[in-house]
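[1] What follows is a predicted structure for the sequence shown.
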Amino acid sequence: MKLLVTGGAGYIGSVTAAQLVEAGHEVTVLDDLSTGHADAVPDGARFVEGSFMEPGDLSGFNAVLHFAARSLVGESVEKPALYWSHNLGGTLRLLEAMRKGGVGHIVFSSTAATYGEPENTPIKETDPTRPTNPYGASKLAVDTTLTAFAAMYGIGAVSLRYFNVAGAYGRYRERHVIETHLIPNVLKVALGERESISLFGGDYPTPDGTCVRDYVHVSDVANAHLLALAACERGVHKIFNLGNGAGFSNQQVVDVCREVTGHPIPSSIAPRRAGDPAVLVASSELIQKELGWQPEHSGLTSIIEDAWRAVR
Ligand SMILES: NC(=O)c1ccc[n+]([C@@H]2O[C@H](COP(=O)([O-])OP(=O)(O)OC[C@H]3O[C@@H](n4cnc5c(N)ncnc54)[C@H](O)[C@@H]3O)[C@@H](O)[C@H]2O)c1
Ligand SMILES: O=c1ccn([C@@H]2O[C@H](COP(=O)(O)OP(=O)(O)O[C@H]3O[C@H](CO)[C@H](O)[C@H](O)[C@H]3O)[C@@H](O)[C@H]2O)c(=O)[nH]1
C-alpha cells in the first residue's frame, strides 16, 4: 500500500514506519521535526519535512497512519489552546485533505489519557472516558471526530489507545529533547547524564506507594499498526487499548533498571506530579480477540534491556 506516516521521525512513528517498509509498503513520512529527528526516518521511506496541519494533496495514498501530535501532559495544562488547535484542529485539516484526496483509511495514535482516573482495572474500551488534562481531552476529541467521519463520510478508522510505550527496535529509540517519561530518564542516571531519579509520589494507594503503569514494547505497538491497517473497514471506527495487562510500579521500574544496567541508580521520592492516576493498566483482550495481536515482549525486563541496549 501507499502510506502516509505523520510523525514518522518520532519514537513510535519511526519504529512503525520501519516495520511498514520491511513489510513491503511504500511509505512517505511527513514530519516537521519539532520533536523528531530526520535520521530516525527509516531507509526506504520517502521523507517530506512539513506539518500535517498543511498536508497538501493526498490523492494517491491508500491510508494515513497519524502519529504526529503534541504529547506533553504538563505542557497541555499550561497551553490548552495549543493542544486543541494542534491535535484536534490540525487533525481536522488532515481529515479534510484525506476526504478531498479520496484516502479512505486512517490509523490514529490515541492514548490511555483519554480515560483519566479509571473506575476499573484493567481498563476496557467500554469504560468511561474522562480525561484529566487537555492532552487526553484533545485525543478523545479526535476519537469522537473519527467516529463521526466514519458514520458520515464512510472513512475506515482505527484508534489505538497506547498505555506506556517503552523499549527500542534496532537503532530506533526514544530520544526526546524534553524527556518526561520514566524509563528513559532512569536510564539517563545509569548513563551518567543525571545524578539521580525523582519518583513523583510515594503515598499512592498501591503496594509500594508509587504509581503503577502498564509498559508495552514499541515493537509490539508498531506491529499492532500493521494489523490495524489491515482491519480498517469503510464506515467503521474501531477503538482498541494497547498494553500488556500487567502493572509495574515506578519503584519496580527503577529496580529492574538497576538489575539490567548494573548501576546503583540513586532515587528519591518527590512530590506527586499533577494529574497522575495511581494505576493505569490496560485490558487488551479486544485487540487480541479481534485483530489477533499478541505482544512478543510482555516482561518489563526485556523491554528495559532493549531500551538500554539502544542508548548505551
Ligand atoms: N510515548 C507514549 O508512551 C505514548 C502513549 C500514548 C500515546 N502516544 C501518542 O503516540 C504518538 C507518537 O508519540 P511519540 O512518543 O512517538 O512522540 P514523538 O514526539 O517522538 O513523535 C511525534 C512526532 O510528530 C512530529 N510532529 C509533531 N507535530 C507535527 C506537525 N504539526 N506536523 C508534522 N509532524 C509533527 C514530531 O516532530 C515527532 O517526530 C503521539 O500522538 C502520542 O500522543 C504516545
Ligand atoms: O522522572 C520521572 C518521570 C516519570 N515519573 C512517574 O512515572 C510514571 C510514568 O510516567 P511517564 O511520564 O513515563 O508516563 P505517563 O504514564 O505519564 O504517560 C504515558 O501515558 C499517558 C497516558 O496516561 C500519555 O499517553 C503519555 O503520552 C504516555 O507517555 C508516572 O507515575 C510519573 O509520575 C517519575 O516518577 N519520575
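    On my side now, so go ahead. Ligands and ions are numbered 1, 2, ... in the order given.
[2] all contacts plus neighbour counts: C-alpha atoms, from now on.
    Noted.
[3] Where does pLDDT dip in the stretch 101-250 of the chain?
    For the stretch 101-250 of the chain, not a single residue meets the criterion pLDDT under 70.
[4] who in it is up against ligand 2?
    For the stretch 101-250 of the chain, the contact set with ligand 2 under C-alpha under 6 Å from any ligand atom comprises 111-113, 163-164, 180-182, 185, 198-200, 211, 250.
[5] Name the residues that touch stretch 162-171?
    Here stretch 162-171 makes contact (C-alpha atoms under 8 Å, 6 or more residues apart in numbering) with 15, 109-112, 173-174, 183, 213-219, 221, 241-243, 280-282, 303-308, 310.
[6] Give me the helices and strands touching the top helix by length along the chain, please.
    Once the chain is assigned using DSSP state H, the helix that runs over the most residues is helix 134-153. Here helix 134-153 touches helix 73-78, helix 80-83, strand 105-111, strand 156-162, strand 237-242, going by 3 or more C-alpha pairs under 8 Å, 6 or more residues apart in numbering; DSSP states H and E.
[7] Partner strands of the last one and their direction?
    In this case it means strand 237-242. strand 156-162 (parallel) (DSSP bridges).
[8] now the partner strand and strand 105-111, what's the angle there?
    Angle between the axes of strand 156-162 and strand 105-111 is 20 degrees (criterion: axes from the mean of the first three to the mean of the last three C-alpha atoms, to 10 degrees).
[9] Pull up the pairing partners for the helix or strand that strand 156-162 is followed by, direction included.
    Downstream of strand 156-162, the first helix or strand assigned by DSSP states H and E is strand 164-166. With DSSP bridges as the test, strand 164-166 is paired with strand 215-217 (parallel).
[10] The residue in the stretch 201-312 of the chain that ligand 2 sits nearest to: how many residues sit nearby?
    In the stretch 201-312 of the chain, the residue that lies nearest ligand 2 is Cys211 (4.6 Å; C-alpha to the nearest ligand atom). Residues lying near Cys211 (other C-alpha atoms under 10 Å) number 26.
[11] so it sits right up against Tyr204, yeah?
    Yes. Proximity of Cys211 to Tyr204 meets the contact threshold set by C-alpha atoms under 8 Å, at 6.4 Å.
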